[in-house]
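> Model the following, please.
(one chain, ligands or ions: 1)
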Amino acid sequence: MANLSVEIAGIRFANPVMPAAGPPVRDGKAILRCAAGGAGGLVSKTISTRAATPPTPNIAEIPHGMVNTELWSELPPEQWIDHEYALASGTGLPLIVSLGYSAEDIASLAPRIRPFADAVELSTHYIGEDAGPMIAAIGAAKAALDVPVFVKLSPLGREMVRAAEEAEVAGADGIVAINSFGPVLAIDPKTRMPYLGGSDGYGWLSGPALKPLAIRCVRDIARAVHIPVIGVGGVGHGIDAVEMLMAGASAVQVCTAAMLHGPGVFGKIARELDTWLDEHGYASAAELRGLANPAMPAAWAAGKPVVAEGPCNGCDLCASACPYDAIEVVEKLAVIDLAACARCGLCVTRCRRGAIEWVPEEPVA
Ligand SMILES: Cc1cc2nc3c(=O)[nH]c(=O)nc-3n(C[C@H](O)[C@H](O)[C@H](O)COP(=O)(O)O)c2cc1C
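The predicted model follows:
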């Protein structure tokens, strides 16, 4: 078994998989279910100085993801402070308390949640694209708290790297990236209505469709700042966690997969990560951090696709998708015409059997 534990801003997590702020942690009981489901740390649903009243309906599953127009917690902060956090403490797992939004909100909430928090996570979702309000919120949290302050960034138009750098300079102890992406629109052709309520039916995208954007943001941020990054967006399997860690994350958070598959998904992802580490000769999850961050070597970029005879069953998936008509199936084997092949690489990922590999250019002797 590999060592799955990770340390983030001085806090030790038993494994790097935890819930993201959202319905899976909507109250104390739900948070306990995430702990029982194998999470290595806990995060609570974002609270603000008043309860949210989101439009309805506010969550829809769509192909490859989810759209939602939930806001922050629909429970008043007093209920969290008097009841929910106390339920969630005592699991032995670190609890990251998610707070929003303005500096005034944070100044009011932070001292009251302090007894329960091992760290806080500040959501920047509703404070606009200027760095000013985020910097002020970080200042308010740092002034009121002696625990690490993480900042959760939304993939808005603003430049994520600059936001992360500004958060670091303002004193943030870590970055959580990313929140759901939007606004987006999903329409139900049956009803001719958007799936989501609200004045425009807009929502925010999460789940597998979000993963490539999340991974790009995590890598860019991890390259730019010296504080740890927690990766969020489309993680549902151990291999997703592998990619997030390789992009530079120290741990991952999961929301959509836990909503669709239940709180056992945290332990499942951790076990799959463990198996992957064992099978690939890594002793710990921490070793993966940032492995995908160096620039692509020239020899790799100058490589070519090569078919391995054993696993290829001549299924034709690669040949029918090749944009350059460079692949033909001959006697149940894909054959690549390298003169026609434009090295686009599509066949490598199109193959369901791992039979086509990208082979780097041979070094010149
Ligand atoms: C229904 C729903 C509610 C959410 N509520 C919050 C929230 O209160 N605070 C927050 O920071 N993020 C919230 N998020 C965003 C998630 O924490 C997460 O950043 C995003 O969904 C991407 O991760 P995923 O693909 O694993 O879902 C919510 C997401 C969903 C789907």
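> CA only for contacts and neighbour counts going forward, please
Will do.
> so what's the residue lying closest to I187 once chain neighbours are set aside up against?
Spatial nearest neighbour of I187, excluding adjacent residues (CA to CA, 6 or more residues apart in numbering): P194 at 4.2 Å. For P194, the contacting residues are 185-188, 201-202, by CA atoms under 8 Å, 6 or more residues apart in numbering.
> Mind telling me the two of those residues farthest from one another?
Longest distance between any two of these is 12.8 Å, between D188 and Y202; criterion CA to CA.
> Nearest to the ligand among the contacts of P194?
Nearest to the ligand, judged by CA to the nearest ligand atom, of the contacts of P194 is Y202 at 13.3 Å.
> show me what contacts the closest one?
Y202 sits in contact with 69, 183-186, 194, 196, where contact means CA under 8 Å, 6+ apart.
> Among those residues, which are located in strands?
Mapping the contacts of Y202 onto strands (DSSP state E) picks out 183-184, 194.
> give me phi/psi at V335?
phi -120, psi 130 (degrees, to the nearest 10).
> just L122 next, same as before
For L122, the backbone dihedrals (degrees, to the nearest 10) come out as phi -100, psi 120.
> Tell me how many other residues surround it.
By the measure other CA atoms under 10 Å, the count of residues near L122 is 27.
> Start at 54, not 1
Happy to do that; since the first residue is 54 now, the last one works out to L175.
> do you know how far it is from R86?
23 Å (CA to CA, to the nearest Å).
> same question, K98
14 Å.
> Who has more neighbours out of these two?
Set K98 next to R86 and count neighbours by other CA under 10 Å: K98 wins out with 25 against 17.
> quick one, what contacts the more buried one?
Taking CA under 8 Å, 6+ apart as the test, what K98 contacts is 73-76, 78-80, 125-126, 150-151.
> Could you work out the end-to-end span of stretch 389-406 for me?
Terminal-residue distance, stretch 389-406 (CA to CA): 16 Å.
> So which bits of the stretch 54-203 of the chain are right by the ligand?
Counting by CA under 6 Å from any ligand atom, the stretch 54-203 of the chain comes close to the ligand at 73-76, 98-99, 112, 121, 123-125, 176.
> Any quick ChimeraX command for the buried ones out of those residues?
Burial among those is assessed by 16 or more other CA atoms under 10 Å; the matching ChimeraX selection reads:
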select :73,74,75,76,98,99,112,121,123,124,125,176
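> How about the most centrally placed residue in the chain: what's its closest non-neighbour residue?
Centre of the chain computed as the mean C-alpha position; nearest residue by CA atoms, centre = their mean is V285, 1.6 Å away. Leaving aside its sequence neighbours, V285 sits nearest to Q306 (CA to CA, 6+ apart; 4.9 Å).
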